[in-house]
Structures are given as structure tokens and as C-alpha cells.
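Q: need a structure here:
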Amino acid sequence: MLGAVSYCIAFAAIGAMFFFAIRSTIRTARNNGAIQRHAAELISARKALTHEEFGAQFFSPEERHIASRLRELLEMILIVDVSRVYPDDKLVEDLGFARVDALGPSFLELDVEDAFGVDISQAWKYEITLRDLVTYISKRRDSNSSAADSGQ
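A: Numbering: from 1, shown residues only. The predicted structure is shown next:
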């Protein structure tokens, strides 16, 4: 008799865990959908630009390559059409970066380090824009190359 009661309690506990897991998944999916809709609404009326057009239109000649390449890297991670992302969009607040996929920043940090040799882990803040990241990378690359030149 005690064994049957134990099985019932265990079964009820498993059922409750399953219920809360499903409920959490549904809430997360609902939140992700809202984040995606907000981001899509923000950028939907904008003209689509290639990565090269984006760099040339919004950045100095020194930063164009960084801006274009960074946008290419974000294309794999962001939940929106990157061709309509502009420099002053806030990655987290406006575009949902890291709110839908918490690993997004980690992937971007690794990609940026591979592409530019710059660690951006200290650059993160809630209001960070694409322009902020381009400037951060540009300054770090300049200081890294200056340090390498003076070390020769």
C-alpha cells in the first residue's frame, strides 16, 4: 500500500514539473514573438541596404569595413532582417538581441574576436547600438595596432 502511495506522489510530482515546463515554454515563445514583432515593426519601413551600402552611407572610410563585416556577423544572430538595421538601433532594446537567444552575445563576442582580434565582452550595455560597437572595435583595433607598432 505504501508503494502505491509513493508511486502516486512521484507521478503527481512529475506531472507538475511537466506542466510548469510547458507553461514556461509557452510564455517564452509568446514573449519571443512579441519581441520579434516589435523589432520588425521598428525597421519595416526602412530601405534595405547591402552591407557595403550600409558601411559607406553611415560610417567614415576608416570604419566602413568594420561596420559592413559586423553587420554580416549579426545577420547570423539577429531575429530581424539585418538589411534594414541602422547604426543607431539599440541591439537589445530595439532589435531583441540577447532577449530571444541569451547565447547571442557570446556568439557575437567570439565572431568579433575572430574577425577583428578585439574582445568586446566589456562593451555590453543594454543601450548599445551598432554604431557603438563599430566605434569600440575601431578604437581597440587602433590601440592594438599602435601597441604592436611600438613593440617592434
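Q: Could you find the closest non-adjacent residue to residue 117?
A: The spatial neighbour of residue 117 that comes closest, neighbours along the chain excluded (C-beta to C-beta, 6 or more residues apart in numbering), is residue 144 at 6.5 Å. Where C-beta positions appear, they are placed from N, C-alpha and C, glycine not excepted.
Q: three-state assignment of that neighbour?
A: helix (DSSP: H, G, I helix; E, B strand; the rest coil).
Q: Settle this for me: it is touching residue 113, isn't it.
A: No. Using C-beta atoms under 8 Å, residue 144 is not in contact with residue 113, being 11.6 Å away.
Q: quick one: the nearest residue to residue 64 once chain neighbours are set aside and residue 104, what's the gap?
A: Counting by C-beta to C-beta, 6+ apart, residue 64 lies nearest to residue 55, which is 3.7 Å off, once chain neighbours are set aside. Using C-beta to C-beta, to the nearest Å, we find residue 55 at a distance of 22 Å from residue 104.
Q: the more surrounded of the two?
A: Neighbours per residue, other C-beta atoms under 10 Å: of residue 55 and residue 104, the larger number sits with residue 55, 23 against 20.
Q: I'd say the more buried one and residue 61 touch.
A: No. With contact defined as C-beta under 8 Å, residue 55 does not count as touching residue 61 (9.3 Å).
Q: What sits closest to residue 112 if chain neighbours are left out?
A: residue 120 (5.1 Å).
Q: Report how many residues lie close to the closest residue to residue 81 other than its chain neighbours.
A: Distances taken as C-beta to C-beta, 6+ apart place residue 43 nearest to residue 81, at 6.7 Å, with adjacent residues excluded. By other C-beta under 10 Å, 18 other residues sit near residue 43.
Q: quick one: residue 43 and residue 82 touch, right?
A: No. Look at residue 43 against residue 82 with C-beta under 8 Å: they stay out of range, at 9.3 Å.
Q: Show me where the chain dips below the pLDDT cut-off.
A: Applying pLDDT under 70 to the chain flags residues 1-33, 35, 98-101, 126, 145-152.
Q: Now stretch 133-143: buried residues?
A: Neighbour counts over stretch 133-143 (16 or more other C-beta atoms under 10 Å) mark 133-138, 140-141 as buried.
Q: Please apply the same query to stretch 62-73.
A: Neighbour-count burial for stretch 62-73 flags 63-71, 73 (criterion: 16+ other C-beta under 10 Å).
Q: Residues in contact with it: which ones?
A: By C-beta atoms under 8 Å, 6 or more residues apart in numbering, the list of residues contacting stretch 62-73 from outside reads 51-52, 54-56, 58-59, 82, 85, 87, 108, 111-112, 115-116, 130, 133-135, 137-138, 141.
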